[in-house]
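Peer 1: Here's my sequence, what's the structure:
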Amino acid sequence: MPGRNDGEAVGGSELRALALMVLAAVAIVVPLQAFCAPAPIIRATLYPALAADGITLVLIGATVFLAWSAWRTLAVSAITWIVLGLVGTTLSSNGVLDAPFSLALGSLGVGMGFAVATARMLGRFRAALGWRQARLRALSVRLMSVQEEERRRLSRELHDGLSQSLTAVSSYLWLIEKQLPEDLETLRRQTAEARRLLAQTLGEMRDLSQRLCPPLLGLYGLLPSLEAHLKAFEERHRVATSLDADGFPERLPVNIETALYRITQEALTNVARHACAHRVRVKLAVTEGDIRLEIEDDGIGLPTNDGAARTGTGLTGIAERVRALDGTLTISSVGGTHLRICIPQVAIEETSPDADAAPSEVNGRKTFPTLSPASHEEHAAKLDA
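Peer 2: Now for the predicted structure:
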């Protein structure tokens, strides 16, 4: 499933296989006892043994499927053992049931020990799996932070270095063009063409710089940045776009805004390259504190190869960003491609620089605490210069 850790799937499969093996082994105990024991003993011990083995099955099933801890399993097992012993003693003393409960209690004690041992082992497995997932998420967050910092550095170098140099070259060409004699018309046209190409290159470089580090994202937040990006996407690729973000917060923590913007950016790139779509719809919403992002197009959907969907680096990058925020990603390809992303409220609170601060209201919209955009303002001023 996209957006889910492979280690979680493997670990879950191992736990389920172990659970089935344990339950199958315990379930064999009663028929084996009935097969090996003589008929009188069967009649005397079958019902208590059935009760003991049934309780053992329930305890082991609870440790596996309900994730009971070892202490909880031990407490419930001890209470059950005491209750079963009292019931057996009462029934035997009153002559209601003439059956020795000692063997059943011994069998239940062995099963209790096995259930507690199983709970401890599964607890260690889950703890190790959770630790690996936390390490993976931390690594993903760190890598994406480094990636964003590298994009900002490249954007600054494009603007401050190459862009300034090309502007100077264009100015020199203009001076040369003005000083050329009128009889050198061919050279004048070539100089003008060179200036035109330089102006085109400067425009493309400025566009690339803003895509690497969009200044609107730090200055005004996610929604204005997405609106500008969707407008540019529509003009560039002739694909109708729409943004539905009614009731969405004005500001979010910086890394949440960056992740949502990059996910949308990558999804739109995939639409332009592969979807052959005529329209794209982006929807942002907050449901019960969770952020939901939906991106839908009316294109040809995901390509398949022998019935299996092929995923490229674009979807892989989207899945990594979602996983880093402990979110979920669902992809369907019926009547186009539909991406549905959910980021839990816990991830938003953990990444907020002031988790204790309550969201404020701005123009009827919630505003989450966010980092200072001073660096973004400085970069935007350079881009607009």
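Peer 1: what's the closest residue to Arg279 other than its chain neighbours in contact with, if anything?
Peer 2: Once flanking residues are discounted, Arg279 sits nearest to Ala240: 4.1 Å by Cβ to Cβ, 6 or more residues apart in numbering. For every residue, glycine as well, the C-beta is placed using N, CA and C. Shown in contact with Ala240 (Cβ atoms under 8 Å, 6 or more residues apart in numbering): 234, 278-280.
Peer 1: shaky segments in the stretch 201-350 of the chain?
Peer 2: For the stretch 201-350 of the chain, applying pLDDT under 70 flags the ranges 304-313, 349-350.
Peer 1: can you give me the helices for the stretch 101-250 of the chain?
Peer 2: Applying DSSP state H, counting those that start in this stretch to the stretch 101-250 of the chain gives helices spanning 102-157, 164-179, 185-212, 215-220, 222-237.
Peer 1: Tabulate these (TSV), appending distance to Arg72 and mean neighbour count.
Peer 2: Compiled in TSV, the helices of the stretch 101-250 of the chain are given as follows (distance: least, Cβ to Cβ, whole Å; neighbours: other Cβ atoms under 10 Å):
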stretch	distance to Arg72	mean neighbour count
helix 102-157	8	16
helix 164-179	67	13
helix 185-212	52	14
helix 215-220	47	20
helix 222-237	44	17
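Peer 1: Between those helices, which one is closest to Ala324.
Peer 2: helix 102-157 (3.8 Å; Cβ to Cβ).
Peer 1: quick one: average pLDDT of the closest one?
Peer 2: For helix 102-157, mean pLDDT is 81.
Peer 1: That one packs against which elements?
Peer 2: The contact analysis (3 or more Cβ pairs under 8 Å, 6 or more residues apart in numbering; DSSP states H and E) places helix 102-157 against helix 6-27, helix 39-65, helix 70-93, helix 185-212, helix 254-270, helix 313-324, helix 374-384.
Peer 1: For Leu260, which of the helices of the stretch 101-250 of the chain is the nearest?
Peer 2: In terms of Cβ to Cβ, the element of the helices of the stretch 101-250 of the chain nearest to Leu260 is helix 222-237, at 5.8 Å.
Peer 1: quick check: angle from that closest one to helix 254-270?
Peer 2: Counting by axes from the mean of the first three to the mean of the last three Cα atoms, to 10 degrees, helix 222-237 lies at 20 degrees to helix 254-270.
Peer 1: so how far is helix 222-237 from its chain's centroid?
Peer 2: Remark: helix 222-237 is offset 24 Å from the chain centroid, using Cα atoms, centre = their mean, to the nearest Å.
Peer 1: And the contacts of that helix?
Peer 2: Helix 222-237 is contacted by residues 214, 216-217, 239-243, 245, 248, 250-252, 257, 260-261, 264-265, 268, 272, 280, 282, 284 when judged by Cβ under 8 Å, 6+ apart.
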